[in-house]
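Engineer: Turn this into a model:
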Amino acid sequence: MHELIVESKAQHSTPADEEHVQWDHQTMSKTPIAAPHTEGRIFGTDWSIANVATLLRSNAARGVWRSAGTAGGYTAKINQNYVRTVSARHLPTKVTLIFMQLEDENCWYVSLCFAGAEDYLPWNGDTAEQWLCELFGQDRPRVLGDSATMCGESGNQSVRQFTLAKSCA
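Structural biologist: Residues are numbered from 1 along each chain as shown. Next comes the predicted model:
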């Protein structure tokens, strides 16, 4: 299976280390929402918010989430690989997140979730703002919280989604 990667003082696990399934891997068509368990890497105290955000921005720029109807077969495999590279759990801030490009909406998307080892934690506005500033930089003032999905499908106050429309250049 996957090996455990050790860098500096913290350990980073792979999705295979997690037993929880977040969404239907067969279709991979709905835009993913962050949850306590991540499909991506887990980062410890040796990774700052800025460093994780830089890595996720770089990975997100290399692909795009395709949500065309039922994303079965090849598209589902591409989406599954993409979400693994654009998802993370940051232990010091107790945040799991997904940062990606959405093809159909032509935007950048982030889903932030505050969570402990197994369950959701209360929303932390100051920490969320730090993440949004690092992910979107000077474009932070243009970032929108989607009122329809602000708290996810379950209405969970610990999870929120934000988007930034791509500039037409």
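
Engineer: mind showing which ranges of this structure have poor pLDDT?
Structural biologist: Filtered on pLDDT under 70, the chain yields the residue ranges 1-29, 68-72, 146-155, 168-169.

Engineer: can you give me the helices in it?
Structural biologist: Assigned by DSSP state H, the helices in the chain fall at 49-61, 73-85, 125-136.

Engineer: show me the contacts for Leu121.
Structural biologist: Lys94, Phe114, Ala115, Ser158 (CB atoms under 8 Å, 6 or more residues apart in numbering). Yep, even glycine has a C-beta here, placed from its N, CA and C like the rest.

Engineer: what pairs with the residue nearest to the spatial centre of the chain across the strands?
Structural biologist: The centroid of the chain falls nearest to Ile98 when counting by CA atoms, centre = their mean (0.7 Å). Applying DSSP bridges to Ile98 yields these beta-bridge partners: Ser87, Ser111.

Engineer: For the remainder of this discussion, apply numbering that starts at 582.
Structural biologist: Right, with 582 as the first residue, what we last looked at is Ile679.

Engineer: any idea how far it is from Ile659?
Structural biologist: Applying CB to CB, to the nearest Å, the value for Ile679 to Ile659 is 16 Å.

Engineer: Considering the contacts of Leu702, which is situated nearest to Arg723?
Structural biologist: Phe695 (23.7 Å; CB to CB).

Engineer: For that closest one, grab the count of nearby residues.
Structural biologist: By other CB atoms under 10 Å, 23 other residues sit near Phe695.

Engineer: again with Thr708
Structural biologist: For Thr708, using other CB under 10 Å, the count is 17.

Engineer: now do Trp712
Structural biologist: For Trp712, using other CB under 10 Å, the count is 22.

Engineer: Would you agree it is in contact with Leu637?
Structural biologist: No: with contact defined as CB atoms under 8 Å, Trp712 does not reach Leu637; the gap is 9.9 Å.

Engineer: and for those two, which residues touch both?
Structural biologist: Residues touching both Trp712 and Leu637 by CB under 8 Å, 6+ apart: Leu678.

Engineer: In strands, which of the contacts of Leu702 appear?
Structural biologist: The strands, defined by DSSP state E, take in Phe695 from those.

Engineer: As a markdown table, the contacts of Leu702 with distance to Thr666 would be great.
Structural biologist: Shown next, in a markdown table, are the contacts of Leu702 (distance: CB to CB, whole Å):
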| residue | distance to Thr666 |
| --- | --- |
| Lys675 | 22 |
| Phe695 | 22 |
| Ala696 | 20 |
| Ser739 | 24 |
